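Chemist: mind looking at a prediction? Sequence and model below.
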Amino acid sequence: MLVIKCAKCKAKIFKYQKIGKGRVLHCWKNRIVKDYSVHHNNKIECQCGNVIGVDAGRSIKMRRTSFTHTGTKIAK
């Protein structure tokens, strides 16, 4: 389980179940356990206004410099 936080204000954005190795390039919506984000049209934002990613249908395409994450990844 990863906790994805805003890079600017360190507020929680998602609790996300990451499966497999590698970077967090996109988040599948069905693996988001808890959502603290603000949704404006197709943009996913933090409460401070920082744009975290863009809604791409079944997933959210993440902006690498907008967030940090902590936690462990589940091995495939």
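Modeler: Cool, the structure landed.
Chemist: I'd assumed I52 was in a helix, is it?
Modeler: No - with DSSP: H, G, I helix; E, B strand; the rest coil as the criterion, I52 is located in strand rather than a helix.
Chemist: let me know whether it touches K61 as I believe.
Modeler: No - using C-beta atoms under 8 Å, I52 is not in contact with K61; the gap is 10.0 Å. Using the backbone N, CA and C atoms, a C-beta is placed for each residue, glycine as well.
Chemist: those two: which is more packed in?
Modeler: Taking other C-beta atoms under 10 Å, I52 and K61 do not tie; I52 has more neighbours (22 against 14).
Chemist: need the contact list for H39.
Modeler: For H39, the contacting residues are 45, 55, by C-beta atoms under 8 Å, 6 or more residues apart in numbering.
Chemist: got the confidence number for it?
Modeler: pLDDT, the model's per-residue confidence, is 92 for H39.
Chemist: and it, which of the three is it?
Modeler: Applying three-state DSSP: H39 is strand.
Chemist: for A75, see how far away it is.
Modeler: H39 sits 31 Å away from A75, going by C-beta to C-beta, to the nearest Å.
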